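>>> Here you go, sequence then predicted model.
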Amino acid sequence: MRLDRSIIVAKKDLAEFRKNKYIMMTLLIMPLIVSVFLPIVYVVPINRLGSETSTEVTLTFNITAVYTNASYSNMTFSDAKLDGVTLSNCVITSCIVLNSSVLASNIYASQINGSEVRDCLISGCDLILIDDDGGNSLSNSNYVGGNKQLDDLKDLMFNLLLLLLIMIPVTIPTVTASYSFVGEKVNRSLEPLLATPTTDLELLVGKAGSIFAISMAATWMSFVVSVVIVDVLTEHVLGYYPLPNLYWAVGILLLAPGMCLMSILANVLISSRVNDVRVSQQIGGVLVLPVLMFFVFSLSGFLSAGLAPILIFSLVILGADAGILWLSTKVFRREEILVNWK
Amino acid sequence: MIETIGLGRTFDGNVAVEDLRLKVDEGEVFGLLGPNGAGKTTTIRMLSCLIKQTSGTAFVNGFEINKEPDSTNIRTMVGLLPESPGLYDSLSAHKNLDFFAQLYGVPKDKREKRIEELLRMLEVWDGRDEPVATYSKGMKQKIAIARAFVHDPQVVFLDEPTAGLDPEAAFTVREFLLSLKKEGRTVFINSHHLDEVEKLCDRIAVMNRTVLAAGSPKELAARYWGRTTVIELAGPEPRFAEVVRSLSFASNVRMKDGNILVDLDDPEMRNPVIVDALMRAGAKIEYVTELKRSLEDVYMKLIGGGKG
């Protein structure tokens, strides 16, 4: 496969998109509305709960010792800064705990940031810095004096928001991708295009590439807008900027491109098999249904449960994309496209 | 350069082309004539490797059609003008041509030069940066023709190159094609315009699913009509026709509009004998000429026969 041929096709399609007001409007307006509207809606319960139940914890630190990159067990730490340490069965009071691993310990009136905390009793701590998304695990911990309810709600809302935003890269291609080959047919430009020494795979990759570029540009733009809106609207409640986090990073960098590619390839595949733009778009619209199922599935909490499920799911989607691309080249028939023109 | 050997194509049991046997030499301008549905477009599509044949085969410059890697080689060396211009309306003429030149692998410096050369030759250089959507039908067709030649192909297939063009645009296109004839390029034209084919083509074939006849327009006229001498008399009388009819070499002698028409196999030798016989019979001869048969006559005879 000669990638330069695909890039030539992609550049041509992008030039056509730029000249098409209908496509440009769709590309801009839909993501803009979704990326502004959804975050505003989704932060409302966080802000409400935050204002109702937030716990003010006043911490005073008087650091007298610093422990770095060491392992301790059955120790008592007070007025210390613990950075990169591994602690088990310890008592930690009025400390700053950074990038550490804490197991089966009692933690009081401390600030914990970027640490894994498991099976601990946590009391009177500055809980805003204990965050699943920051890499902490609070499983089986006794969460005293903090706002676990807020943290759980925040996680759920942000994760669902991410999954909803992934609708953007899925739906945008239904307009552009469904037009890809059908549009060429309608223009009667497919015959001279197929007469060139460009292979089926080069054409498919070029067509999909242009749509991917434009869809992901709109998607990432809307992600940036959403992150900014969420951070601005929740910082006063949470005390920090919660996004982006690792979960969102996986969603933005793996799942969104994967879902986008799936939508594109499926729509391009349909576009190469039907004769009418409207039919292509109708079927393309139906294709969004399995994606809605994905959203319903995500409501079960499986995908929003943590990093591993979304990572695995993203990789599965990317694998499926490779399969659809392979299938597309197998069912792409130059001859049928030409002969079956209406 | 192009040879078809029993080439055929069937669509769901309907025969579009069958047992097509053609040979087009290098540098020849070849015309394919036939009624709608005769299989001309299907033939071009098979030869340019867009669709597969269901029987027989063909070679373009020694490469076999629809057989990899030969198909890719054929696509690289062939230029195609389809029935419809099929341009990207939102892009300019220059962008349209540049896109195809890139796909054919023409280097950038050559691309620019070639595009300018073609657009100037076809008299559309001035509008090169305007979106194609703003062009007239004639301009679009010219751009599509330029596209077929943008990679300097050895073989060009043109499907109805002047269809729907006004006389001026058609003239420009014809002049362009005639200028290319001098370059020694092989050009294969499908057309309904018989006079245009007669002007442009070295040889033609008339087809209706299969080849009914092939040769130069003159050869075909002679082959299917023979040669007819027209004798215009000052005072036409039926008895003068009888005089001609009495000559053993004269066949199909008839009177039409006061003229005597007679089919001869060798007019140069027989005409003086006829003139002499008529003058001896008292006829006043105003002129003697040969009846010109147009390609249209040949076409109608072949297609009429083909249909029958």
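Thanks, I have it.

>>> And the pLDDT for A:T58?
In this model, A:T58 is scored at 61, pLDDT.

>>> Please read the previous query as pertaining to A:V291.
Confidence for A:V291, expressed as pLDDT, is 63.

>>> The stretch 151-300 of chain A: helices as residue ranges?
Assigned by DSSP state H, counting those that start in this stretch, the helices in the stretch 151-300 of chain A fall at A:167-176, A:180-187, A:190-194, A:200-238, A:246-250, A:256-271, A:277-299.

>>> now swap in the stretch 1-150 of chain B and tell me
Under DSSP H, counting those that start in this stretch, the stretch 1-150 of chain B gives helices at B:40-47, B:70-77, B:93-103, B:108-121, B:137-149.

>>> Kindly reformat the ones you listed as JSON lines containing distance to A:F332, mean pLDDT and mean neighbour count.
No exception for glycine: its C-beta is placed from N, CA and C like everyone else's. Listed next are the helices of the stretch 1-150 of chain B as JSON lines, based on distance: least, C-beta to C-beta, whole Å; pLDDT from 0 to 100; neighbours: other C-beta atoms under 10 Å in any protein chain shown:
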{"stretch": "helix B:40-47", "distance to A:F332": "17", "mean pLDDT": "94", "mean neighbour count": "25"}
{"stretch": "helix B:70-77", "distance to A:F332": "15", "mean pLDDT": "91", "mean neighbour count": "19"}
{"stretch": "helix B:93-103", "distance to A:F332": "17", "mean pLDDT": "95", "mean neighbour count": "24"}
{"stretch": "helix B:108-121", "distance to A:F332": "28", "mean pLDDT": "92", "mean neighbour count": "16"}
{"stretch": "helix B:137-149", "distance to A:F332": "23", "mean pLDDT": "92", "mean neighbour count": "23"}
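
>>> Those into a markdown table, with extra columns for distance to B:A250?
Listed next are these as a markdown table, based on distance: least, C-beta to C-beta, whole Å:
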| stretch | distance to B:A250 |
| --- | --- |
| helix B:40-47 | 40 |
| helix B:70-77 | 52 |
| helix B:93-103 | 59 |
| helix B:108-121 | 51 |
| helix B:137-149 | 49 |
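
>>> Pull the contacting residues for the residue of the stretch 201-342 of chain A found nearest chain B.
Minimum separation of the stretch 201-342 of chain A from chain B (C-beta to the nearest C-beta) falls at A:E335, amounting to 4.5 Å. A:E335 is in contact with B:L50, B:I51, B:K52, counting by C-beta atoms under 8 Å, 6 or more residues apart in numbering or on different chains.

>>> Can you tell me how far it is from B:M46?
10 Å (C-beta to C-beta, to the nearest Å).

>>> any common contacting residues for those two?
Common neighbours of A:E335 and B:M46 (C-beta under 8 Å, 6+ apart) are B:K52.

>>> if we can go back for a sec, could you tell me the least trusted of the helices of the stretch 151-300 of chain A?
Taking the mean pLDDT of these, helix A:277-299 comes last: a mean of 70.

>>> how deep is A:D321 tucked in, by neighbour count?
21 (other C-beta atoms under 10 Å in any protein chain shown).

>>> what about it, which helix or strand?
Assigned by DSSP states H and E, A:D321 falls within helix A:307-331.

>>> Chain A next: which of the contacts of A:E335 are close?
B:L50, B:I51, B:K52 (C-beta under 8 Å from any C-beta of the partner chain).

>>> list the contacts for A:N187?
B:G86, B:L87, B:Y88, B:D89.

>>> filter these by proximity to chain A?
Near chain A, judged by C-beta under 8 Å from any C-beta, the entries from the contacts of A:N187 are B:G86, B:L87, B:Y88, B:D89.

>>> okay but the second one is in contact with A:L193, surely?
No - in this structure B:L87 lies outside contact range of A:L193 using C-beta atoms under 8 Å: 11.0 Å.

>>> For the two, indicate the residue with more neighbours.
For the pair B:L87 and A:L193, the greater number of neighbours falls to B:L87 (27 against 20), based on other C-beta under 10 Å.

>>> Could you dump the helices of the stretch 151-300 of chain A into JSON lines and include distance to A:S78?
As requested, the helices of the stretch 151-300 of chain A are exported to JSON lines (distance: least, C-beta to C-beta, whole Å):
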{"stretch": "helix A:167-176", "distance to A:S78": "50"}
{"stretch": "helix A:180-187", "distance to A:S78": "66"}
{"stretch": "helix A:190-194", "distance to A:S78": "75"}
{"stretch": "helix A:200-238", "distance to A:S78": "28"}
{"stretch": "helix A:246-250", "distance to A:S78": "32"}
{"stretch": "helix A:256-271", "distance to A:S78": "46"}
{"stretch": "helix A:277-299", "distance to A:S78": "44"}
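
>>> what does the model give B:G306 for pLDDT?
What the model reports for B:G306 is a pLDDT of 42.

>>> My error: substitute A:N142 in the last question.
For A:N142, pLDDT reads 46.

>>> before we move on, back to that, how about the helices of the stretch 1-150 of chain B in CSV, adding distance to chain A?
Output for the helices of the stretch 1-150 of chain B, formatted as CSV (distance: least, C-beta to the nearest C-beta, whole Å):
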stretch, distance to chain A
helix B:40-47, 7
helix B:70-77, 4
helix B:93-103, 4
helix B:108-121, 12
helix B:137-149, 6
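
>>> Any idea which of the ones you listed gets closest to B:A234?
Distance to B:A234, taken as C-beta to C-beta, is lowest for helix B:40-47 among the helices of the stretch 1-150 of chain B, at 48.0 Å.

>>> Next, the angle helix B:70-77 makes with the closest one.
With axes from the mean of the first three to the mean of the last three C-alpha atoms, to 10 degrees defining the directions, helix B:40-47 sits at 110 degrees from helix B:70-77.

>>> sorry, back to before: identify whichever of the helices of the stretch 1-150 of chain B lies nearest to A:M216.
helix B:93-103 (23.2 Å).

>>> How about residues contacting the closest one?
For helix B:93-103, using C-beta under 8 Å, 6+ apart, the contacting residues are A:5, A:8-9, A:12, A:15, A:192-193, A:196-198, B:87-88, B:91, B:111, B:114-115, B:118-119, B:124, B:127-130, B:132, B:135, B:139, B:143, B:146-147, B:150-151.

>>> May I have the beta-bridge partners of B:I285?
Counting by DSSP bridges, B:I285 is bridged to B:L233.

>>> tell me the contacts of it?
Counting by C-beta under 8 Å, 6+ apart, B:I285 makes contact with B:I231, B:E232, B:L233, B:A234, B:V275, B:L278, B:M279.
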